[in-house]
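In: Mind folding the following:
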Amino acid sequence: MGTTQLETVPEPKYWHLKTVLGEALDSDFAVGEVLPNERDLAARFGVARATLRQALEQLELEGRLQRRRGVGTTVAPPRVGVDVSTTQQEWPGADPDAWQPVDAVSAVAPAAVAKMLGTDPADEVHTVRRTRVTHGQTVAAELLYVPSASVPELPAIDIPSGPARARSVLRELQRLGMEGQDRAVELGSARVDDAKELDRLPGAPVLVVTTRYLAGGRTAAVSVATYRADTCRLTFGDTGDVRISHHTDERRAS
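Out: Numbering: from 1, shown residues only. Sure, this is the predicted structure:
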């Protein structure tokens, strides 16, 4: 990484520093490599640590850097697209599927989800938790809410929880004939449970993708997937389809 000190420029100094650092990331560092500490970087570029932090924060927002607890600031892998449009009509868990089942329990759904499902707010539904991992890091967490009416053949004496139970719920759900799905994408803040799963602080920015699956003239299931905002971005295709780009392999999201 160069040692030339920054000269006076018309743009904010941290923005110019961000450009210089970005070029250094491309030429001098490998994906996953840990950057020198802030004191060394600030001295190397002749800037205040506050200016350096602004530049690093901007690079993190752009997905060029990742800050990992107990590790430091590392160079992020390149982003690739993950399709979250409704072009592909597939149930969660259908092959190919990049999500890993973690658990399944019976619990009361959030009021907004119960309203979408058309269930009584006090009714328990099957709640499947899945995660999406790439480069050893969880980049997204999902809660899939499935009312009992959608999986009537699910054995009551089946495994009560865990990945095996989650797979059972997904298998039964796939027996239904899907009639369609719709999705909404919005910026949100990480809840405590999601923050822990995604290795972020509570309140950190996230992208929330809510998917409603339709079958039998009703909502058969609702998925709420939370993506780390520092590792993904939204792009829009010519057809209006929405894609979330993040650091992962090129497999379609369910």
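In: Assign Val224 to helix, strand or coil.
Out: Judged by DSSP: H, G, I helix; E, B strand; the rest coil, the three-state class of Val224 is strand.
In: residues touching it, list them.
Out: Residues in contact with Val224, defined by CB atoms under 8 Å, 6 or more residues apart in numbering, are Val113, Glu142, Leu143, Leu144, Tyr145, Val208, Val209, Thr210. Every C-beta, even on glycine, is put in place using the N, C-alpha and C of the backbone.
In: Tabulate those (a markdown table), appending secondary structure, distance to Leu170 and pLDDT.
Out: Listed next are the contacts of Val224 as a markdown table, based on DSSP: H, G, I helix; E, B strand; the rest coil; distance: CB to CB, whole Å; pLDDT from 0 to 100:
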| residue | secondary structure | distance to Leu170 | pLDDT |
| --- | --- | --- | --- |
| Val113 | helix | 18 | 96 |
| Glu142 | strand | 12 | 94 |
| Leu143 | strand | 13 | 95 |
| Leu144 | strand | 8 | 97 |
| Tyr145 | strand | 13 | 97 |
| Val208 | strand | 21 | 89 |
| Val209 | strand | 18 | 88 |
| Thr210 | strand | 18 | 92 |
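In: Show me what the lengthiest helix in the chain is packed up against.
Out: Secondary structure of the chain per DSSP state H: the longest helix is helix 13-28. Packing partners of helix 13-28 (3 or more CB pairs under 8 Å, 6 or more residues apart in numbering; DSSP states H and E): helix 49-61.
In: can you give me the strands for the protein?
Out: 65-68, 72-75, 80-83, 100-108, 124-134, 137-146, 178-189, 205-215, 218-228, 232-236, 242-246 (DSSP state E).
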